[in-house]
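Student: the sequence and its predicted three-dimensional model are supplied below.
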Amino acid sequence: TVLVVDFGAQYAQLIARRVREARVYSEIVPHTMPVSEMLAKNPKAIVLSGGPSSVYAEDAPNVGPELFEAGVPVFGICYGFQAMARALGGTVARTGTREYGGTELQVTRPGSTLFEGTPENQSVWMSHGDSVSEAPEGFTVTATTPGTPVAAFENDEKKLYGVQHHPEVMHSTHGQMLLEHFLYRGAGLKPDWTTTNVVEESIAAIREQVGSKRAVCGLSGGVDSAVAAALVQRAIGSQLTCVYVDHGLMRKGESEQVEKDFVAATGVQLKVVDAEEQFLEALAGVSDPEQKRKIIGREFIRVFEQAAAEIVAEAGEHGESVEFLVQGTLYPDVVESGGGTGTANIKSHHNVGGLPEDLEFQLVEPLRRLFKDEVRMVGAELGLPDEIVHRQPFPGPGLGIRIVGEVTKERLDLLREADAIARQELTAAGLDRDIWQCPVVLLADVRSVGVQGDGRTYGHPIVLRPVSSEDAMTADWSRLPYDVLARISTRITNEVADVNRVVLDVTSKPPGTIEWE
Ligand code: XMP
């Protein structure tokens, strides 16, 4: 394990991902963790992340010198570089000015452990206040920039290295190479964190945890629950039963995808609950978005609970108890909920929409250590089809929150058609990987006058909401080619009854959210 010590900047997750891209397993730990506890994890190397701009700032976190005396190779980045310099007796100058953005780094010792094989001049991304003005004793200065005389230092004997810039961001052209040089050449690590190993290790861990007991898993149709289920199925086979609640708010072909493609790819035991009527009845007459969400969440729990109880009862007849619930919790969720070091039995709810307290299961969370892109790789390794592995995000409440107005079967069918057309055309144009997602929304309470064929129409508008995003927290509207938009518009107005207008949403997030409700 490589530990990435998080000094509270937004870069720690990125560094952890880059280390893993170098095929070395990494974990994030908070800087508040005592050094003795870090060392107890037996790390093969430690990376100190960026953080507050100045080591002199009030409550700037400290790094004790004992971290550097344990014989563990350390790479200090930005703040971590300065903290390392300070702890080892170097000098950090209180410049009070900030250097921010792209700058030119000059390598003064080509062929050093970090810089071997990289150009003598390279672009790097800086974001700092103070600067190291003197390297600690025993260190060689290996790079400078116009604003920072000591921009990198290395000590091969003690295996301690540091750079002032941010090698983890794309703007640092040779950043990944520097990081790999530290890992492979500095710390002597091997690139052996591969998807195959991840799958093998996970399977062993799941078997160990579940033993001969049984488990249930709620499938939503999304990537995370699908990959989690496929992994657990690989590990314990028929001891797992998946539950798929078809609430009638799915898109065209989606339920079939779960029922057929997923089962075909995994051989999982699947219990499909057709709950369309129950959901539509509960939603009748409701147009308030929050109320819709609450109703859908509530009904979902009812149906899932009922299905799980049936599975438990059936299993009981054969003398096996169902003790485990599989969830697709990802590493960023774990880090963000302050975890990372926490253990299994916390209840994280986001995937199955909040399970009731009295449904007593232990959790199996095989994706707890993985980032989203790694989850997709594991899914591919397990043989899941591309349509599942590269699926764009789709909200749990489904099309129920894409009909502005009351949700009825008729409106759902109409929206399903329009959505299918938009998806077909986006796929045909090869745009699936360029956009984050493209909600298609029916404005059921709005009508406008149109002319189609020889007559006047009075139909509903459909909204296209294609967005680009990194993490759905912020988003921008996608600039789709006009001819693709034109094809979607023509087909929807021609093929979907009662729709006579297609409009494009050109709002970023903020101020708009991605979904309309
Ligand atoms: P908003 O509309 O808040 O959406 O910008 C951000 C992302 O979250 C998805 N979304 C949901 N996903 N359950 C989910 O599983 C929900 O209730 C839900 N609401 C929004 C949305 O599609 C987008 O990717």
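Tutor: All right, it came through fine. Because the structure is predicted, anything quoted here is derived from the model rather than measured.
Student: from the ligand, how far out is the residue lying closest to residue 32 once chain neighbours are set aside?
Tutor: Here the nearest residue to residue 32 in space, its sequence neighbours aside, is residue 61; by Cβ to Cβ, 6 or more residues apart in numbering that works out to 7.6 Å. Where C-beta positions appear, they are placed from N, C-alpha and C, glycine not excepted. Separation of residue 61 from the ligand (Cβ to the nearest ligand atom, to the nearest Å): 32 Å.
Student: likewise residue 14?
Tutor: From residue 14 to the ligand the distance is 21 Å (Cβ to the nearest ligand atom).
Student: how about the residues of the stretch 351-500 of the chain near the ligand?
Tutor: 393, 395-397, 437, 472 (Cβ under 6 Å from any ligand atom).
Student: let's verify the one residue in the stretch 201-350 of the chain that gets nearest to the ligand: helix, strand, or coil?
Tutor: At 6.0 Å from the ligand, residue 293 is the closest residue in the stretch 201-350 of the chain, using Cβ to the nearest ligand atom. Classification of residue 293 using DSSP: H, G, I helix; E, B strand; the rest coil returns helix.
Student: buried residues in stretch 442-450?
Tutor: 442-444 (16 or more other Cβ atoms under 10 Å).
Student: state the mean pLDDT of it.
Tutor: Across stretch 442-450, pLDDT averages out at 97.
Student: tell me which residue lies nearest the centroid of the chain.
Tutor: residue 372 (3.9 Å; Cα atoms, centre = their mean).
Student: that residue touches residue 333, doesn't it?
Tutor: No: in this structure residue 372 lies outside contact range of residue 333 using Cβ atoms under 8 Å: 10.5 Å.
Student: CA atoms only: put the helix or strand hosting residue 39 into PDB for me.
Tutor: Taking DSSP states H and E as the criterion, residue 39 maps to helix 35-40. Taking Å, rounded to 0.1, in the frame of the first residue of the first chain, the C-alpha atoms of helix 35-40 are listed here in PDB:
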ATOM      1  CA  VAL A  35       2.500   8.800  12.400                       C
ATOM      2  CA  SER A  36       2.700   5.600  14.400                       C
ATOM      3  CA  GLU A  37      -0.700   4.600  13.100                       C
ATOM      4  CA  MET A  38       0.400   5.300   9.500                       C
ATOM      5  CA  LEU A  39       3.500   3.200  10.000                       C
ATOM      6  CA  ALA A  40       1.400   0.400  11.500                       C
END
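Student: that helix - contacts with which helices or strands?
Tutor: Contacting helix 35-40 under the criterion 3 or more Cβ pairs under 8 Å, 6 or more residues apart in numbering; DSSP states H and E is no other helix or strand.
Student: what about the strands in the stretch 351-500 of the chain?
Tutor: 362-364, 403-404, 440-443, 448-452, 455-464, 467-468, 476-477, 499-504 (DSSP state E, counting those that start in this stretch).
Student: what's the span of stretch 263-281, first residue to last?
Tutor: Length of stretch 263-281, first residue to last, Cα to Cα, to the nearest Å: 30 Å.
Student: okay, strands next: where are they in the stretch 201-350 of the chain?
Tutor: According to DSSP E, counting those that start in this stretch, the strands that the stretch 201-350 of the chain contains are 214-219, 240-246, 269-274, 322-326.
Student: which non-adjacent residue is nearest the residue nearest to the centre of the chain?
Tutor: Nearest to residue 372 is residue 330, by Cβ to Cβ, 6+ apart, at 6.3 Å.
Student: pretty sure that neighbour is touching residue 223, no?
Tutor: No: Residue 330 is beyond contact range of residue 223, at 9.8 Å (criterion: Cβ under 8 Å).
Student: shared neighbours of those two, which are they?
Tutor: 372, 375 (Cβ atoms under 8 Å, 6 or more residues apart in numbering).
Student: beta partners of residue 27?
Tutor: Assessed by DSSP bridges, residue 27 has beta-bridge partners residue 3.
Student: burial count for it?
Tutor: 18 (other Cβ atoms under 10 Å).
Student: then residue 191?
Tutor: 12.
Student: show me what contacts it?
Tutor: So residue 191 contacts 22-24, 184 (Cβ under 8 Å, 6+ apart).
Student: quick check on these: which are buried?
Tutor: Applying 16+ other Cβ under 10 Å to those flags 22-24, 184 as buried.
Student: circling back: in this structure the residue nearest to residue 32 contacts residue 8, no?
Tutor: Yes: using Cβ under 8 Å, residue 61 is in contact with residue 8, at 7.3 Å.
Student: find the residues that touch each one of those two.
Tutor: Common neighbours of residue 61 and residue 8 (Cβ under 8 Å, 6+ apart) are 31, 51-52.
Student: out of these, which one sits closest to the ligand?
Tutor: Using Cβ to the nearest ligand atom, the shared contacts of residue 61 and residue 8 come closest to the ligand at residue 51, 28.5 Å.
Student: what sits against the closest one?
Tutor: 7-9, 31, 60-61, 78-80, 83.
Student: circling back: which two of the buried ones among the contacts of residue 191 have the greatest separation?
Tutor: 23 and 184 (9.9 Å; Cβ to Cβ).
Student: in the chain, what secondary structure element scores lowest on mean pLDDT?
Tutor: One helix or strand of the chain scores below all others by mean pLDDT, DSSP states H and E: helix 331-336, with a mean of 81.
Student: could you export that one as PDB, CA atoms only?
Tutor: Taking Å, rounded to 0.1, in the frame of the first residue of the first chain, the C-alpha atoms of helix 331-336 are listed here in PDB:
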ATOM      1  CA  TYR A 331     -14.200   4.800  -2.500                       C
ATOM      2  CA  PRO A 332     -15.000   8.500  -3.000                       C
ATOM      3  CA  ASP A 333     -18.200   7.900  -0.900                       C
ATOM      4  CA  VAL A 334     -16.100   6.300   1.800                       C
ATOM      5  CA  VAL A 335     -13.500   9.100   1.800                       C
ATOM      6  CA  GLU A 336     -16.100  11.800   1.800                       C
END
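Student: that helix and the ligand in contact?
Tutor: No: shown here: helix 331-336 not in contact with the ligand (Cβ under 6 Å from any ligand atom), separated by at least 12.4 Å.
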